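Trainee: Give me coordinates for this.
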Amino acid sequence: RAGGEKSSDAMADAVEDDVVDDVEDDVVDIRPELEETCKPKCVKAFVQYQQCVERIASDTTGDAHCTGQYFDYWACIDECTAPKLFQKLK
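Mentor: Down below sits the predicted model:
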């Protein structure tokens with residue numbers, strides 16, 4: 001090869017090495033772990049959601065739902081998780 005050109009095999013090996021290095025440097029998402037630590041603080045909202053689910057279990061119309069309670073529960077978890085998460089982000 002003239003002028004120091006790399007063969008296609010050498011280039012493929014170099015790209016593969018870069019990909020392996022990138023995989024080793026992958027960032028771990030800590031949000032699920034933080035959410036788990038926050039769930040005990042949101043028990044009231046979870047109980048309200050569970051009570052709603054039980055209340056509408058016999059609904060045959062399909063009109064009843066617990067969307068509000070579901071979002072209240074996750075809003076509680078998000079509110080607890082966000083400060084801890086953003087504190088750890090770089």
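Trainee: how about stretch 70-89: buried residues?
Mentor: 70, 72, 73, 74, 76, 77, 80, 81 (16 or more other Cβ atoms under 10 Å). In short, each C-beta sits where N, CA and C put it, glycine included.
Trainee: Work out for me the element the second one sits within.
Mentor: Remark: residue 72 resides in helix 67-88, with elements defined by DSSP states H and E.
Trainee: in this protein, which ranges drop under the pLDDT threshold?
Mentor: Confidence mapping of the chain against pLDDT under 70 gives the ranges 1-24, 90.
Trainee: all helices of it, in order?
Mentor: Remark: helices assigned in the chain by DSSP state H are 8-24, 31-38, 43-56, 67-88.
Trainee: Contact partners for the spatially closest residue to residue 34 that is not a sequence neighbour?
Mentor: Once flanking residues are discounted, residue 34 sits nearest to residue 81: 4.6 Å by Cβ to Cβ, 6 or more residues apart in numbering. Contacts of residue 81 were listed using Cβ atoms under 8 Å, 6 or more residues apart in numbering, and they are 31, 34, 35, 38.
Trainee: Does the second one touch residue 84 like I think?
Mentor: Which is residue 34. Yes - with contacts counted by Cβ atoms under 8 Å, residue 34 reaches residue 84, the gap being 5.2 Å.
Trainee: Can you pull the phi/psi pair for residue 58?
Mentor: Main-chain dihedrals, residue 58, degrees, to the nearest 10: phi -90, psi 0.
Trainee: Tell me how far the residue nearest to residue 34 lies from residue 41.
Mentor: Separation of residue 81 from residue 41 (Cβ to Cβ, to the nearest Å) stands at 10 Å.
Trainee: how far away is residue 34 from residue 66?
Mentor: Counting by Cβ to Cβ - residue 34 and residue 66 are separated by 24 Å.
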